[in-house]
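[1] Next come a sequence and a model predicted from it.
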Amino acid sequence: MTSHLSPSPHKRIYIQEVVTRDGFQAESAFIPTEEKIALIDRLSNAGYAKIEVSSFTSPKAIPMLADAEAVMQGINRVPGVEYTVLIPNLKGAERAIAVGVDEFNLVMSVSETHNQANLKMGREDSFKGLSSVIDLAHSNKIAVNISLSTSFGCPMSGITPLKELMHWIDRFSEKGIRGITVCDTTGMANPAQVQEVCETVQAKHPNLQWTLHFHNTRGMGLANALAAVHSGIDRFDSSLGGLGGCPYAPGATGNICTEELVHMLDLMGLKTHMQIDTLLECSKDLQNIVGRTLPSQLLMAGKVDRVYKAPCQI
Ligand code: COA
Ligand code: ZN
């Protein structure tokens with residue numbers, strides 16, 4: 001059955017993995033570089049449009065990702081997959097150029113309080129710094145995406161007004177960037193808000209590549225992703241097993257779970273081009289890497305085509 005809200009069943013939805021960045025950044029124990037590389041190499045053959053390999057942030061701020069260069073240089077890059085990295089400043093950009101990346105994913109927050117907590121500077125300073133990074137990217141022919149943290153809400157300053165989000169989107173759009181990721185850093189968005197935001201941003205800037213980045217902190221993650229699909233969005237960040245969270249946002253928990261997102265979209269007939277069984281195997285093994293059970297409900301329950309034996313009659 002189709003309704004005015006149903007996306008075309010043939011539409012491709014692009015999946016972008018963030019587990020080795022958003023997922024690993026908040027882990028308490030350092031994950032060995034070889035394990036990060038091995039995981040990315042397995043994921044590279046699972047059908048992703050993009051993989052966020054790591055972040056070129058200060059190793060004092062994010063010690064878990066201090067090996068970003070080694071990881072970037074150690075992976076086998078599969079043609080057709082874009083390898084992006086999170087970058088907060090010029091120093092990070094120079095490090096990324098030295099090892100070669102397909103995209104700069106530049107980060108700042110829509111909330112002043114979160115920008116101060118996460119990046120130790122005000123938004124105007126971030127914008128000024130990132131403007132120089134954009135110039136550097138352009139002179140090196142590297143695509144630029146901007147990830148706007150706390151686009152829907154901030155745990156320290158409340159719900160983000162749409163006007164404030166649009167202010168930063170409008171300013172970045174003038175800089176010749178390729179895309180913007182609208183991030184719900186601590187799972188504060190609801191589907192009605194998502195619909196309004198998605199419709200507004202696409203109407204105003206139809207030529208930008210739009211990505212939605214949800215966390216499942218309050219159980220609204222997949223509902224929000226679906227609202228975004230119904231609002232015309234075709235690109236999502238998600239994290240294997242549902243791992244993730246910003247260490248500088250109080251109460252942050254995992255991203256929407258890649259295998260759950262893919263499982264849902266595939267069942268709806270949308271085209272993710274993803275290998276769901278590979279995802280489930282990788283997610284199972286990821287539990288050994290992080291040493292605990294992951295939030296993925298699909299990993300526990302199995303896909304809907306899992307068939308059980310009927311219970312024995314007594
Ligand atoms: N890569 C490596 N080192 C970096 C760096 C980068 N991108 N940026 C700064 N540094 C180093 C500086 O060289 C300096 O080193 P020193 O103490 O040995 O001289 C130190 O970090 C402090 O530099 P400063 O410019 O004063 O940075 P800061 O302490 O004000 O921190 C950020 C600012 C943006 C670098 C830091 O807060 C950061 O990396 N945040 C990332 C947060 C994040 O990724 N959050 C999760 C994702 S949303
Ligand atoms: Zn995130």
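    Ah, there it is. Residues are numbered from 1 along each chain as shown. Ligands and ions are numbered 1, 2, ... in the order given.
[2] what does the stretch 51-200 of the chain put close to ligand 1?
    By Cβ under 6 Å from any ligand atom, the residues of the stretch 51-200 of the chain that approach ligand 1 are 55-62, 88-89, 91-92, 95, 107, 118-120, 149. For every residue, glycine as well, the C-beta is placed using N, CA and C.
[3] Using neighbour counts, trim the residues you listed to the buried set.
    Neighbour counting by 16 or more other Cβ atoms under 10 Å classes 55-58, 61-62, 88-89, 92, 95, 107, 118-119, 149 among those as buried.
[4] Show me the residues you listed that map onto helices.
    Counting by DSSP state H, the part of those found in helices is 92, 95, 118-119.
[5] Which two of those have the greatest separation?
    R95 and N118 (18.6 Å; Cβ to Cβ).
[6] What residues does the residue in the stretch 101-250 of the chain that ligand 1 sits nearest to make contact with?
    Of all residues in the stretch 101-250 of the chain, K120 sits closest to ligand 1, at 3.6 Å by Cβ to the nearest ligand atom. By Cβ atoms under 8 Å, 6 or more residues apart in numbering, the contact list for K120 reads A61.
[7] Who are the contact partners of T272?
    T272 touches 12-13, 15, 47, 262, 265-266, counting by Cβ under 8 Å, 6+ apart.
[8] what does G254 give?
    23, 215-217, 239, 241-245, 295.
[9] and these, which two are the farthest apart?
    Across the contacts of G254 (Cβ to Cβ), the longest gap, 15.3 Å, separates T217 and G241.
[10] more neighbours, those two?
    For the pair T217 and G241, the greater number of neighbours falls to G241 (29 against 22), based on other Cβ atoms under 10 Å.
[11] Surely the more buried one forms part of a helix?
    Yes. The assignment for G241 (DSSP: H, G, I helix; E, B strand; the rest coil) places it in a helix.
[12] my guess is it meets Q297, correct?
    No. In this structure, G241 is not within contact of Q297 by Cβ atoms under 8 Å, at 10.5 Å.
[13] Identify the contacts common to the two.
    When Cβ under 8 Å, 6+ apart defines a contact, the residues bordering G241 and Q297 alike are C257.
[14] From what I see, H138 and G176 are in contact.
    Yes. Using Cβ under 8 Å as the test, H138 is close enough to G176 to be in contact (6.6 Å).
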